[in-house]
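Peer 1: generate coordinates for the sequence data below:
(one chain, ligands or ions: 2)
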Amino acid sequence: MSDPLKGIIEEIRADLGYKESEDLWAASFLCELLRDHPRVLRPEDLPVEEEVVVVGAGPSIAELPKIVGELEDSVVYAADGACRALLELGIVPDVVVTDLDGPKEYLLMSSECGSITVVHAHGDNVTELAELVPTLGRILGTCQVEPPCDLLHNFGGFTDGDRAVVMAARLGAERVLTVGMDFGNLTTEYSRPGEGRGVFRADPVKRKKLAWGERVLRLVERELGVEVESLTVRR
Ligand SMILES: Nc1ncnc2c1ncn2[C@@H]1O[C@H](COP(=O)(O)OP(=O)(O)OP(=O)(O)O)[C@@H](O)[C@H]1O
Ligand SMILES: Nc1nc2c(c(=O)[nH]1)N=C(CO)CN2
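Peer 2: Numbers count the residues shown, from 1 in each chain. Ligands and ions are numbered 1, 2, ... in the order given. Okay, here's the model as predicted:
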């Protein structure tokens, strides 16, 4: 693939041991599911503005309550599990970008509240696709191979958060502001009612995934000329 944001998946497969044939199979399966889905969108249906905020689930997501006022008037894309933190603050993300391995009840709640779910097919999430896609509302399908049908799109990128950034940039955003997208920081402190406080540490595979995600963000700046800036560092 000559597009570096799409071609990077070949290096990632070599690093993490994913098979292209399995990614292709999953994409074909998602095509089948989308053919039976009543609310499939096209890329041009997605909301986008000059500035888009992308919220990931990294440690700086803890800063979210401080900037919640700014999010109310922005187009907000949430990466997977980050939709939980947003919903808990009363914000329904405009778009949730997910490979469906996040907290199912919050992915479904976002969808029911009006978020568009951008569902990604890859070789390791076929079970989740089968279970969740039929239950979601407005949906757009993505994949990491040449799309096998015109209901699927390959914008490029890798993890949910960096794919959200790539998508915003390809749809026309000139600047992407990020929260919780601190790829270099691999521990997350949490504090939740009923769960107490603690620290998540990224396992070795997650570390590798996040390192690839960080590379994607730099590629977005270099190849697409879109500014990617951390909202929490800026403040
Ligand atoms: N330090 C970090 N820790 C966790 N997530 C991060 C971090 N930095 C950036 N992120 C972004 O937040 C996104 C959502 O995080 P979450 O833990 O819900 O992801 P995930 O479902 O494991 O993601 P993926 O399936 O993309 O690996 C990730 O896809 C990633 O892009
Ligand atoms: N085959 C495969 N592809 C992926 C995977 C994964 O676990 N397996 N995870 C991703 C984001 O975390 C994106 N792409």
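Peer 1: use CA for all of it now, contacts and neighbours both
Peer 2: Noted.
Peer 1: which parts of the chain sit against ligand 2?
Peer 2: Applying Cα under 6 Å from any ligand atom, one finds that the chain approaches ligand 2 through 18, 23, 122-124, 158-160.
Peer 1: what subset of those residues is buried?
Peer 2: 18, 23, 122-123, 158-160 (16 or more other Cα atoms under 10 Å).
Peer 1: quick one: the strands in this structure?
Peer 2: Using DSSP state E, the strands of the chain run over 51-55, 75-79, 95-98, 116-121, 139-143, 152-153, 175-179, 187-192, 196-201, 227-230.
Peer 1: who are the contact partners of the most centrally placed residue in the chain?
Peer 2: The structure's the chain has its C-alpha centroid closest to D160; by Cα atoms, centre = their mean the separation is 2.8 Å. Contacts for D160 (Cα atoms under 8 Å, 6 or more residues apart in numbering) come out as 79-80, 97-99.
Peer 1: measure it to K66 for me?
Peer 2: 23 Å (Cα to Cα, to the nearest Å).
Peer 1: run a quick neighbour tally on the closest residue in space to I8 that isn't next to it in sequence.
Peer 2: Spatial nearest neighbour of I8, excluding adjacent residues (Cα to Cα, 6 or more residues apart in numbering): G157 at 7.4 Å. Close neighbours of G157, defined as other Cα atoms under 10 Å, add up to 27.
Peer 1: now do the contacts for G157.
Peer 2: 5-6, 8-9, 163, 166, 213, 216 are the contacts of G157 under Cα under 8 Å, 6+ apart.
Peer 1: same check on E227?
Peer 2: Contacts of E227 (Cα under 8 Å, 6+ apart): 174-176, 221.
Peer 1: beta partners of it?
Peer 2: Counting by DSSP bridges, E227 forms beta bridges with R175.
Peer 1: looking at the chain, which helix or strand is least sure?
Peer 2: For the chain, counting by mean pLDDT, DSSP states H and E, strand 187-192 ranks last in confidence among helices and strands (a mean of 66).
Peer 1: H120 contacts D99, correct?
Peer 2: Yes: H120 is within contact range of D99, at 4.8 Å (criterion: Cα atoms under 8 Å).
Peer 1: neighbour count for the two, which is higher?
Peer 2: The residue with more neighbours, out of H120 and D99, is H120; 26 against 23, by other Cα under 10 Å.
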